[in-house]
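Asker: Need the 3D shape of this:
(one chain, ligands or ions: 1)
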Amino acid sequence: MSQHQLLGLSGALRGGSTNASLLREAARFFGPCDFIEGDLNLPLYDGDAEAESGIPDAVQKLADQIAAADAVVISTPEYNKGPSGVLKNALDWVSRTKGSPWSGKPVAVMSAAAGRAGGERAQMILRGFMVPFRPRILQGPEMHLADSSNAFDDNGHITSELYISTLTELMDNLRREINR
Ligand SMILES: Cc1cc2nc3c(=O)[nH]c(=O)nc-3n(C[C@H](O)[C@H](O)[C@H](O)COP(=O)(O)O)c2cc1C
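Answerer: Predicted coordinates for the structure are as follows:
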């Protein structure tokens with residue numbers, strides 16, 4: 001039997017992103033799967049560019065990856081109490097593609113941030129952003145990774161038992177949601 005396809009989307013682009021690290025940990029706790037990371041380094045949405053040139057290849061590729069995935073895990077940083085513009089821009093672009101790739105898709109959202117609340121407000125707003133696309137977003141447990149630059153060891157593994165148990169439960173729920 002082929003393995004589940006799990007797509008990870010990080011709202012932060014930088015190489016050392018703790019949101020990207022959190023996605024990799026989510027894939028590890030999910031268990032055997034084909035894990036790929038989508039690239040949100042897209043042009044800014046511009047209606048004139050869309051009218052002239054249509055959907056950029058990188059956007060269509062992302063939409064196709066979402067459509068093909070059995071489940072998607074999104075992790076957003078918190079920038080000024082909201083999700084990153086990178087992530088919102090990607091959601092806006094994908095909403096312009098055909099085929100409603102998010103519809104009915106099992107999705108787990110998470111956040112990793114420097115602050116004590118672990119990007120809780122950003123994650124809550126991200127959940128609102130997703131409503132028009134009608135994915136099957138897990139309600140919990142909520143994974144807010146606080147003080148994210150100190151949350152991983154040298155192997156990129158989460159060190160806190162609390163986070164490990166939260167992420168394990170979230171990924172168990174995601175696997176169950178796929179099979180539901
Ligand atoms: C523009 C900007 C705004 C930020 N605002 C917040 C914030 O509101 N709350 C917070 O906890 N951290 C905030 N931070 C710190 C980020 O949480 C931190 O940079 C985090 O590591 C980003 O995720 P990354 O490691 O995936 O890049 C902000 C960072 C930037 C660059």
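Asker: Contact partners for the closest residue to Leu23 other than its chain neighbours?
Answerer: Once flanking residues are discounted, Leu23 sits nearest to Gly8: 3.6 Å by Cβ to Cβ, 6 or more residues apart in numbering. In this view, the C-beta of every residue, glycine as well, is placed from N, C-alpha and C. Residues counted as contacts of Gly8 (Cβ atoms under 8 Å, 6 or more residues apart in numbering) are 20, 23-24, 26-27, 35-38, 72-75.
Asker: of the residues you listed, closest to the ligand?
Answerer: Taking Cβ to the nearest ligand atom as the measure, the ligand sits nearest to Ala20 out of the contacts of Gly8, at 6.3 Å.
Asker: ok, for the closest one, nearest residue in space, not its chain neighbours?
Answerer: In this structure, Ala20 finds its nearest non-sequential neighbour in Ser10, 4.3 Å apart by Cβ to Cβ, 6+ apart.
Asker: For burial, what's the neighbour tally of that neighbour?
Answerer: 28 (other Cβ atoms under 10 Å).
Asker: That one and Ala27 touch, don't they?
Answerer: No. The criterion here is Cβ atoms under 8 Å, and Ser10 misses it with Ala27 at 12.0 Å.
Asker: Pull up the pairing partners for the helix or strand where the residue nearest to Leu23 lies, direction included.
Answerer: Following DSSP states H and E, one finds Gly8 within strand 5-10. Strand 5-10 sits in its sheet next to strand 34-37 (parallel), strand 71-76 (parallel), going by DSSP bridges.
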